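[1] predicted model, plus sequence, below.
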Amino acid sequence: MKARLQKILAQAGVASRRKCEELIKEGRVKINDKIAKIGESAEPDKDVIRVDNERIRLEKKVYLMLNKPKDYIVSVSDEYGRRTVMQLVPARERLFPVGRLDRDAEGILLMTNDGNLANCLMHPRFEVEKEYYATLATEIKKEDVEKLKRGFVIDGRKVIPKTKLLDRNKLALSIHEGRKHIVKRLFWRLGYRVTRLQRVRIGPLVLSGISSGHYRQLSSQELEQLKKLCH
């Protein structure tokens, strides 16, 4: 499938799109041995694209589901030397985590090198639902469960979680939000402390059959379901 040349170069890791446009303007990019021009498109699977006479190679797209354990930072690197989720996945491709998950939280985390899909899943416009299991330090009152279902205004925006009581001190919450500590902040408003937080679902993807700290590739069916969310 054809795509803009600067997009192909950026996806191949040559440089940012803006820098790739500069390379094209400088005449340093060729398509099938012809100097490329701004605005041109190419088919990366068929056309031979070279930058400074060196052929580019696109990275194979990788999609992993990780069961993140506690005490791992959801980041590509950490300036304080703390453990990151990158230590739990293969280093062959330049993967990155999709979205956030608190350091002391557990559960499903997507890892990929597909920037377009990652941006879609994180963008509020697509309203990708996430489901969490929250265990509280104390039993929750029934009236507080009802308050939770009605939602709270946090940072100027109303958050209304789909809520189900699983046990006296354990609840399932489904929200579209991705803001930092958003689940804990909902319970803080009611005076409860979350002692364990597990994310068990992202959109159609359900965490199952993966032990803590391990991962697996998404099936073709799961990937199709994710991509449908972006249309």
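    That came through fine.

[2] what's around G99, how many residues?
    The number of residues packed near G99 is 15, by other Cβ atoms under 10 Å. Heads up, the C-betas are built off the backbone N, CA and C, glycines and all.

[3] I meant to write V194 there.
    So V194, with other Cβ under 10 Å, has 21 neighbours.

[4] just the pLDDT at the closest residue to F152 other than its chain neighbours, thanks.
    Spatially, and ignoring its direct neighbours in sequence, F152 is nearest to R189 (5.1 Å; Cβ to Cβ, 6 or more residues apart in numbering). Looking at R189, its pLDDT reads 96.

[5] got the phi and psi for N116?
    The phi and psi values for N116, taken as degrees, to the nearest 10, are phi -60, psi -50.

[6] so what's it closest to, chain neighbours aside?
    With sequence-adjacent residues excluded and distances taken as Cβ to Cβ, 6+ apart, N116 is closest to C230, at 8.0 Å.

[7] my guess is the residue nearest to F152 contacts R150. True?
    No: taking contacts as Cβ atoms under 8 Å, R189 lies outside contact range of R150: 11.4 Å.

[8] neighbour count: these two, which is higher?
    Neighbour count, other Cβ under 10 Å: between R189 and R150, R189 has more, with 16 against 10.

[9] how about the more buried one, phi and psi?
    phi -60, psi -20.

[10] on that earlier part again, what's the spacing between the residue nearest to F152 and L117?
    33 Å (Cβ to Cβ, to the nearest Å).

[11] cool, D78 as well?
    Taken as Cβ to Cβ, the span from D78 to L117 is 24 Å.

[12] quick one: which of those two has more around it?
    Neighbour tally, D78 and L117, criterion other Cβ under 10 Å: the higher count belongs to L117, 19 against 13.

[13] what sits against that one?
    Y63, V98, L226, K227, C230 (Cβ atoms under 8 Å, 6 or more residues apart in numbering).

[14] L171 is in contact with I140, isn't it?
    Yes: using Cβ under 8 Å, L171 is in contact with I140, at 6.9 Å.

[15] what about the residue nearest to A36 when sequence neighbours are not counted, neighbour count?
    Among residues not flanking A36 along the chain, V29 sits closest, at 4.5 Å (Cβ to Cβ, 6+ apart). Using other Cβ under 10 Å, V29 has 26 neighbouring residues.

[16] V29 reaches L23, doesn't it?
    Yes: counting by Cβ under 8 Å, V29 touches L23, with 5.4 Å between them.

[17] give the residues shared as contacts by those two.
    Shared contacts of V29 and L23 (Cβ under 8 Å, 6+ apart): L9, V51.

[18] show me the chain divided up by domain.
    3-55, 63-124+205-229, 129-202 (automatic domain parsing).
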